[in-house]
Each structure stands twice: as C-alpha cells, then as structure tokens.
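S.K.: Sharing a sequence plus its predicted fold:
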Amino acid sequence: MDRGLFISLEGPDGSGKSTQAKLLMAFLSDAGYRAVLTREPGGTAIGERIRDLLLDKKHSEMDSRAEALLYAAARAQLVTEVIEPALDRGEIVICDRFVDSSTAYQGYGRKLGGSIGILNEFAVAGCMPDITFLFIIDPETGKSRIRAANMDRLECERTEFHEDVYRGYRELEKLYPGRIAGIDASGGIDEIQSKVRERLKEILKGRHDV
C-alpha cells in the first residue's frame, strides 16, 4: 500500500483556512478518496483538552514557553494517534494548522526563535506535510473578519503580535517554496477553493487521478 498524502493548511487568524479545509475534505470525499480532516491544537481527546487551555482568554498569564510546549505536546499526540496511522493506511490527511503555526506564532510572534524548530522536530518525529497551503491575508483584514465576542486568547493579542506572525509566514513561504504554496485569501471562498484544487491536482498527478 502506498503511503498517503499529508496536507496542512496555514494562515493568519481570519484567513479562512478552516473553511477551506472543510471544502477540501468534501471535494476529496466526493471524488472517492479516503481522507481525514483534523485540526491543531486538537484532533485527539488529549489535544482538545490542551486546546481549551491554550485558547481560553482567562489564561492571559500563560508564559510563552509554556504555550509553545503545550502546542508541541498536542501535536505529538496528533501525529502518533491520527496522522501517522492514516498515512500508513494510504489516506489523505488534511490538517488545519501544523508546525508552521508554531514557527509563526511562537517563533516570530512570541520571539522564541529557533527553539521552536528544535522543540517541534522532537514532537513530530520526522512527520511533515507533503504540501502546505498558506492563505495570505494582511493582519488587519483578517482580524476584521472575526467577531470580537468570538476571539480566542491569541486572536485577542495586540496588533504588533499579529504583524510579526504575518511576517513569519511570509518568511516561511520564501524558505520552503517546494512545500508551501501561497494563496491570496482576499478573494471569495469559491475562488480560493478553486486555486487549492488546481494545485492539488498537480500534486496528485502520477499518484492518483482526481
């Protein structure tokens, strides 16, 4: 059995990546593919409990290093429990956020730098996406798409934090052009999904038929 395909979706808050992940899952399922949709942090019972801790606005005192370690812990559990088994079964895994989120949010946003790479190399044990769709939108526009009442702890961060996160994502796009596909997220939902599907068809050519 061929190993499956690992797809991650990334982007600043308000980029619409979660909506695109669900649409991509529906597209692949309709096309007859065995696919799994999961998210970070979360995707497992342990990960969802960690998610609640990380995103709860009541935990404003959380230390940046503690935050990074919690994200890595949830990620390690997700890789072991969900992602690797699905890939071994030959399935397509769609993950809403993965390692690049920690690099952007904790590495750049929290100024933790290269320590994030070291921490997450240990957490994922070599399991990395085959393709990452990065939904690009400026922080101001992205934040305007989220209702204030629905904002989580990180979404409530200061503007400078979100600008650093955005800069981190753009740096990653330059560093890993073979893996990270930047997509303009300022357009309509269907327009953006069409771009994702076209790129995915190129990747699947030779492996599967879409």
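M.R.: Sure, I can see it.
S.K.: which parts of stretch 110-123 are buried?
M.R.: Neighbour-count burial for stretch 110-123, counted by 16 or more other C-beta atoms under 10 Å, picks out 110, 112, 116, 119, 120, 123. All C-beta spots, glycine's among them, are computed from the backbone N, C-alpha and C.
S.K.: hang on, I meant stretch 166-181
M.R.: Quick answer for stretch 166-181 (16+ other C-beta under 10 Å): 166, 168, 169, 172, 173, 179, 180, 181.
S.K.: can you map out the helices along this protein?
M.R.: 17-30, 45-55, 64-78, 84-88, 99-102, 115-124, 139-144, 159-175, 189-204 (DSSP state H).
S.K.: Now residue 155. Nearest residue, chain neighbours left out?
M.R.: residue 13 (4.9 Å; C-beta to C-beta, 6 or more residues apart in numbering).
S.K.: Enumerate every residue touching that neighbour.
M.R.: 139, 142, 143, 146, 154, 155, 162 (C-beta atoms under 8 Å, 6 or more residues apart in numbering).
S.K.: What sits closest to the last one if chain neighbours are left out?
M.R.: Sequence neighbours aside, residue 139 is the residue nearest to residue 162 in space, at 3.9 Å (criterion: C-beta to C-beta, 6+ apart).
S.K.: and the one you found, how many neighbours?
M.R.: 20 (other C-beta atoms under 10 Å).
S.K.: Would you agree residue 97 is in contact with residue 15?
M.R.: No. With contact defined as C-beta atoms under 8 Å, residue 97 does not count as touching residue 15 (10.8 Å).
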